[in-house]
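>>> Would you be able to build a 3D model of this:
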Amino acid sequence: GFFRYLMEQGAIQHDPTLELENPKLMRALPRYLTPEEVEQALRAAVRSGQVVPVLAGSALLNRAVAPFVDFLVKVMPSPVDLGPVVALNLATNQEEPLDPLPTSPLTALVFKTTADPYVGRLNYFRVYTGVLRSDSHVWNATKGREERIGQVFFLRGKHQEPTAEVVAGDIAAVAKLTETSTGDTLCTKDRPYLLPGIKFPEPSYHAAIHPKSQADLDKLSGALARLVEEDPTLRIRREPDTNETLLGGMGESHIDVAVDKLKRKFGVEVRTELPKVPYKETITRPVKAEHKHKKQTGGRGQYGHVFLELEPLPRGGGFEFHERIFGGAVPKEYIPAVEKGVRAALQEGVLARFPVVDVKVTLYDGSYHPVDSSDISFQIAGREAFKKGMAQANPVLLEPIMRVRVTVPDEYTGDVMGDLNTRRGRVLGMTSADGKTTIEALVPYAEMRRYATELRSMTQARGAFEMEFSHYEEVPPHLAQQIIAEAAKARAEKEAED
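Prediction:
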């Protein structure tokens, strides 16, 4: 620890009466060093990386906050201690070291953005080199746009302290920048430099969010945009297959905090639930199907007659439509209508009304009526023929499979491997380095929706993972029956509510 460091540096002589683990050690230091010497040695030890300080306190209870800030000022390295800042000179496209001094060209990094109820959009920034002044113009090197700087101020808790300038090493804020967001570099237009941006981690946990009322729905889009602007580690996306809006973050608690902020700061209430799994359906054997749509209502009737051949495609094959009509059995002008009808049928499969994929459909025969045939008639014929064929083609459910990389301390490897097996995972390989093991596996998405929370519990918050979509696979039959039954029950409940 620090005492050992002092002895190694020759700042104090070894005293056999003091053990290195003695809790009274720090109280004995004044016998050897003045407070100034301790502070100087500690600062040097932290700067060199030989000592890592650990401080305890509570922001919630306002305990030890002021001593913590004092410690930062007195002990932690200043910008000058850290040496030159490396920035990309956009004029030469070469990286250059810039001294963290007021005399260097201006470079500042925006590290936070908030929506202030009084001044509007507020950008927090740190000046790495040079000086940023109030009532000036700067160049946003990230966006390639000029921004006008109004009044710059330091933040002292809830209070804003106006200042004429912010010099290298200082942190300040400015309001009402129109183009600037978190991660952007500010500089001068005549000396454009780009600082390394902030790399935000990908979300490891997603929740589906649903507005509680129509008023909440009307405000939701704007509130989410402002929420993500304030916290770039949050992500919003729309899942087209399930028609859900998904809010992604670093974990369940992160999402809870974001939902609370939506209500408290933006006046939007939402409820959250686990995202639905975007299942799909497909066929497993080729079949032929026919449908004749014929309707007579007194005037002009409806007539469309088609023969379709359905064939399975490899995973990821999507949808293909072909026609093999001879002799004008189906006129050319009606063939697009048949395809349109088939595409409509793809939206809801016959098992649980999930989208249908990986199917090749060929229109190979049919008939028409010179008066009663129309686009709509052949759309209906194509749609119904496909439904008939799919029901006969041994349809199956498909589920998304994720490629997962889990990194944990070596002592948790066995537990994590066993847990992945219970999630129907297939381990692809493992690598170990520096006391940590990275496990790569393929796991169904249905088993991963709460994994961020469960991995944290399993590894005492020392594990991390990332995942990405890999491919679709057939759902095991016993699980497929359960999913189909649950989907039918959900539809029945929704119809009863309507």
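
>>> if I look at the residue minimising distance to the centre of the chain, how far off is residue 246?
Nearest residue to the geometric centre of the chain (CA atoms, centre = their mean): residue 203, 3.5 Å. According to CB to CB, to the nearest Å, residue 203 and residue 246 sit 9 Å apart. For the C-beta atoms, the positions are set from N, CA and C on the backbone; glycine is no exception.

>>> circling back to that earlier point, before we move on, which element is the residue nearest to the centre of the chain in?
Assigning secondary structure by DSSP states H and E places residue 203 outside every helix and strand.

>>> 55 is where my numbering starts, stick with that
Got it, the first residue is 55 from now on, which makes the last one we talked about residue 257.

>>> Grab the CA positions of stretch 222-240 and hand them over as CSV.
Extracted in CSV, the C-alpha atoms of stretch 222-240 (Å, rounded to 0.1, in the frame of the first residue of the first chain):
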residue,chain,number,x,y,z
ALA,A,222,-7.3,24.3,-20.1
GLY,A,223,-8.2,21.7,-17.5
ASP,A,224,-11.4,23.4,-16.4
ILE,A,225,-15.0,22.1,-16.7
ALA,A,226,-17.9,24.4,-17.5
ALA,A,227,-21.2,24.5,-19.3
VAL,A,228,-23.0,26.6,-22.0
ALA,A,229,-26.6,26.7,-23.1
LYS,A,230,-28.5,26.8,-26.4
LEU,A,231,-25.9,25.2,-28.8
THR,A,232,-28.0,24.0,-31.7
GLU,A,233,-25.7,21.5,-33.4
THR,A,234,-23.6,20.2,-30.5
SER,A,235,-24.1,16.9,-28.6
THR,A,236,-22.2,14.6,-26.3
GLY,A,237,-18.9,13.5,-27.7
ASP,A,238,-18.3,16.5,-30.0
THR,A,239,-15.1,18.4,-30.2
LEU,A,240,-15.1,22.2,-30.1
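
>>> list the buried ones in the host helix or strand of residue 460?
Using DSSP H and E, residue 460 falls within strand 450-463. Of the residues in strand 450-463, 450-456, 458, 460-462 count as buried by neighbour count, 16 or more other CB atoms under 10 Å.

>>> per-residue confidence averaged over that strand?
What strand 450-463 shows for mean pLDDT is 96.

>>> Okay, now the sheet partners of that strand, with direction.
strand 334-336 (antiparallel), strand 490-498 (antiparallel), strand 518-528 (antiparallel) (DSSP bridges).

>>> Tell me who's in contact with residue 195.
Residue 195 makes contact with 144, 238-241, 246-248, according to CB atoms under 8 Å, 6 or more residues apart in numbering.

>>> what kind of secondary structure is residue 296 in?
coil (DSSP: H, G, I helix; E, B strand; the rest coil).

>>> on that earlier part again, now render the strands paired with strand 450-463 as a markdown table, adding distance to residue 383 and mean pLDDT.
Formatted as a markdown table, the strands paired with strand 450-463 follow (distance: least, CB to CB, whole Å; pLDDT from 0 to 100):
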| stretch | distance to residue 383 | mean pLDDT |
| --- | --- | --- |
| strand 334-336 | 28 | 97 |
| strand 490-498 | 44 | 97 |
| strand 518-528 | 35 | 94 |
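
>>> Looking at the ones you listed, which is nearest to residue 474?
Comparison of the strands paired with strand 450-463 against residue 474 by CB to CB identifies strand 490-498 as nearest, at 5.2 Å.

>>> Buried residues in that closest one, which are they?
490-493, 495-498.

>>> Ok, stretch 298-309 next?
Across stretch 298-309, burial judged by 16+ other CB under 10 Å covers 298-306, 308-309.

>>> Nearest to residue 132, out of the buried residues of strand 490-498: which one, please.
residue 490 (32.8 Å).

>>> Might you report the residue contacts of the closest one?
Shown in contact with residue 490 (CB under 8 Å, 6+ apart): 461-464.

>>> After the helix or strand that contains residue 135, which helix or strand is next?
Residue 135 belongs to helix 133-136 when assigned by DSSP H and E. Once the chain leaves helix 133-136, the next helix or strand it forms, by DSSP H and E, is strand 139-143.

>>> Walk me through the domains of the protein.
Domain assignment for the chain by automatic domain parsing gives 56-129, 139-248, 259-327, 335-448, 451-531.

>>> Quick check: which of those is nearest to residue 550?
domain 335-448 (16.8 Å).

>>> so what's the residue nearest to the centre of the chain up against?
So residue 257 contacts 287-289, 302-304 (CB under 8 Å, 6+ apart).

>>> redo that, cut-off 6 Å
Neighbouring residues of residue 257 by CB atoms under 6 Å, 6 or more residues apart in numbering: 289, 302-303.

>>> Closest one of these to residue 402?
Proximity of the contacts of residue 257 to residue 402 (CB to CB) peaks at residue 302, which lies at 27.4 Å.

>>> I figured that closest one was touching residue 289, is that so?
Yes. Here residue 302 reaches residue 289: they are 4.1 Å apart, a contact under CB atoms under 6 Å.

>>> Redo the domains of the chain as a markdown table? Include distance to residue 542.
A markdown table is the format used below for these (distance: least, CB to CB, whole Å):
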| stretch | distance to residue 542 |
| --- | --- |
| domain 56-129 | 47 |
| domain 139-248 | 44 |
| domain 259-327 | 17 |
| domain 335-448 | 7 |
| domain 451-531 | 13 |
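
>>> And those domains: which comes nearest residue 546?
Nearest to residue 546, of all these, is domain 335-448, at 12.3 Å by CB to CB.

>>> what distance separates the start and the end of the closest one?
11 Å (CA to CA, to the nearest Å).

>>> Show the pLDDT at residue 506.
Each residue has a pLDDT score; the one for residue 506 is 91.

>>> Confirm for me that it is in contact with residue 260.
No. Contact between residue 506 and residue 260 fails when scored by CB under 6 Å: they sit 9.2 Å apart.

>>> Check which helix or strand the nearest residue to residue 169 once chain neighbours are set aside maps to.
Among residues not flanking residue 169 along the chain, residue 280 sits closest, at 5.2 Å (CB to CB, 6 or more residues apart in numbering). Following DSSP H and E, one finds residue 280 within helix 268-284.

>>> Against which helices or strands is that helix packed?
Judged by 3 or more CB pairs under 6 Å, 6 or more residues apart in numbering; DSSP states H and E, the packing partners of helix 268-284 are strand 161-170.

>>> list the buried ones in the strand it packs on?
161-164, 166-168.

>>> now swap in stretch 152-160 and tell me
Result for stretch 152-160 [16+ other CB under 10 Å]: buried residues 152-154, 158-160.

>>> likewise stretch 359-374?
Buried positions in stretch 359-374, judged by neighbour count with 16+ other CB under 10 Å: 359-366, 373.

>>> on that earlier part again, distance of the residue nearest to the centre of the chain from residue 355?
Residue 257 is 55 Å from residue 355, by CB to CB.

>>> for residue 454, same thing?
Residue 454 is 45 Å from residue 355, by CB to CB.
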